[in-house]
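Below: sequence and its predicted model.
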2 protein chains.
Amino acid sequence: MVREALAALLSLEGDIDVVAQVARGDEVVAAAQTHEVEVALLDIEMPGLTGIEAAGRLRKARPGIKIVVLTTFGRPGYLRRAMESGADAFLVKDAPASQLAEAIRRVLRGERVIDPTLAAAALAEGANPLTSRERDVLAAAADGSANADIGGRLHLSEGTVRNYLSAAIQKTGARNRTEAVRIAMEKGWL
Amino acid sequence: MVREALAALLSLEGDIDVVAQVARGDEVVAAAQTHEVEVALLDIEMPGLTGIEAAGRLRKARPGIKIVVLTTFGRPGYLRRAMESGADAFLVKDAPASQLAEAIRRVLRGERVIDPTLAAAALAEGANPLTSRERDVLAAAADGSANADIGGRLHLSEGTVRNYLSAAIQKTGARNRTEAVRIAMEKGWL
DNA sequence: GACCGCCCATGACAGAAGTCACGGGCCGGG
DNA sequence: CCCGGCCCGTGACTTCTGTCATGGGCGGTC
């Protein structure tokens, strides 16, 4: 519904045509192959593939297409990963609607468009301090699984899970796993 | 942005006029007083007041206005509470856009509009089994606070917090507080 | 008045979580 | 080659969680 509404909004702009829409991240590249696309507008939260992953694949498959990433959550880590995946613009959904069409026009002129507040936050925070395994374990702990379950799922001993979680708790500055998950989520580290 | 886009979408329908928009739940009633409103379209996740709370106040202040509740999350508990607050329709955002205008027309004809799948889920699940205090404690535990912190915030002893949490864990069928929070959230019990 | 459910509390106990020290293997950089 | 970081593991220890039994007070209902 939101996608169709945004499409309607963009269609009202005289200089913008919506040539294709897909509901899933893993349908993005295929749609970009079969239509004349100048700009792709991607949401991060999508079934199939996230918008960030889709951006990376689209960049590889069709480097000429400009990419605008749109998301509900202005998490600095999202911004960082989106830009690393080749996005040309990064917008949050609570920005005014006028910025959307404007961002599309600007990326077509070769500019990069980023919310300045978010850019500052991303820079201030530095890179993701979690190692690959720490992220895995923390993500597995997010749903409330016990250490033994996580170990089983990731083929690790229970003690190792404890150690990784302890490290993640230290690095996030949290006081337990639940807080660590929340903080890592907010920063976009997961 | 989403709100403006939905407004644009609805404006394209010949028989619908968007006469007012607000960004916060606590501005809904005031806007309904100063405009000629037949139908109010409310999102649940809003700053200030939730759409459900806003629906209740609007129903009291202006009983004649039809209320359509729109939400990202199709949680049965949301549906239940929305209907109890006097909503005439309940839609999820991942429904096709055409349903939105259609729902507005139907509530104006006096009908109630509810996603049948969601209605079945709400009925199958029964009412919220958590007591008021269990909800309070569970909500306070959601961010990862320790029992002692929760007790301090809610003016309870640590042991009492433990007891309420234990009860909530039983009732949700969870195996620890984190899972209990997740389940209660999914069902819309918080 | 007896009963029930909710509220709040205490104490005891088993188990899970979190910290710390320590070890080995692997790989890349100076 | 040595060092550092990441990976994976063990063992010991403290603290926090979760469960259970048990109690009193309060408000409803039959």
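Received it, and whenever you're ready, just let me know what you need.

rest of the way, CA atoms for contacts and neighbours
Will do.

Residues of chain A that sit close to DNA strand C?
Proximity of chain A to DNA strand C (Cα under 7 Å from any atom of the strand) is limited to residues A:145-148, A:159, A:162-163, A:165-167, A:169-170, A:175-178.

rerun that using 6 Å as the cut-off
By Cα under 6 Å from any atom of the strand, the part of chain A that sits against DNA strand C consists of A:146-147, A:162-163, A:166, A:169-170, A:175-177.

what are the ranges of the strands in chain A?
Secondary structure of chain A (DSSP state E): strands located at A:39-43, A:66-71, A:89-92, A:113-114.

Which strands and helices lie in contact with the top helix by length along chain A?
For chain A, the longest helix by residue count, based on DSSP state H, is helix A:158-172. Taking 3 or more Cα pairs under 8 Å, 6 or more residues apart in numbering or on different chains; DSSP states H and E as contact, the helices and strands that helix A:158-172 lies on are helix A:132-141, helix A:147-154, helix A:177-187.

for those helices, which one sits closest to DNA strand D?
Closest approach to DNA strand D among those (Cα to the nearest atom of the strand): helix A:132-141, 4.1 Å.

Now do the closest one and helix A:177-187, the angle between them.
Calculated by axes from the mean of the first three to the mean of the last three Cα atoms, to 10 degrees, helix A:132-141 forms an angle of 110 degrees with helix A:177-187.

how far is helix A:132-141 from where the chain is centred?
Taking Cα atoms, centre = their mean, to the nearest Å, one finds the center of helix A:132-141 at 18 Å from the center of the full chain.

So which bits of stretch A:106-116 are buried?
Across stretch A:106-116, burial judged by 16 or more other Cα atoms under 10 Å in any protein chain shown covers A:107, A:112-114.

likewise stretch A:72-80?
When burial is assessed from 16+ other Cα under 10 Å, stretch A:72-80 yields the following buried residues: A:73-80.

do the same with stretch A:52-62
Residues A:52-59 are the ones in stretch A:52-62 that count as buried (16+ other Cα under 10 Å).

And chain A, what are its domain boundaries?
With automatic domain parsing as the criterion, the domains of chain A are listed as A:2-125, A:132-187.

a markdown table for the ones you listed, including mean pLDDT?
Formatted as a markdown table, the domains of chain A follow (pLDDT from 0 to 100):
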| stretch | mean pLDDT |
| --- | --- |
| domain A:2-125 | 93 |
| domain A:132-187 | 96 |
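
Minimum distance to DNA strand D: which of those domains has it?
Taking Cα to the nearest atom of the strand as the criterion, DNA strand D comes closest to domain A:132-187 out of those, the separation being 3.2 Å.

do that closest one and DNA strand D meet?
Yes. Legend: contact between domain A:132-187 and DNA strand D by Cα under 6 Å from any atom of the strand is shown at A:132-134, A:156-157, A:159-160.

Turn these into TSV, including neighbour count.
Written out in TSV, the entries for the residues of domain A:132-187 next to DNA strand D read as follows (neighbours: other Cα atoms under 10 Å in any protein chain shown):
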residue	neighbour count
A:Ser132	10
A:Arg133	14
A:Glu134	20
A:Leu156	15
A:Ser157	14
A:Gly159	12
A:Thr160	13
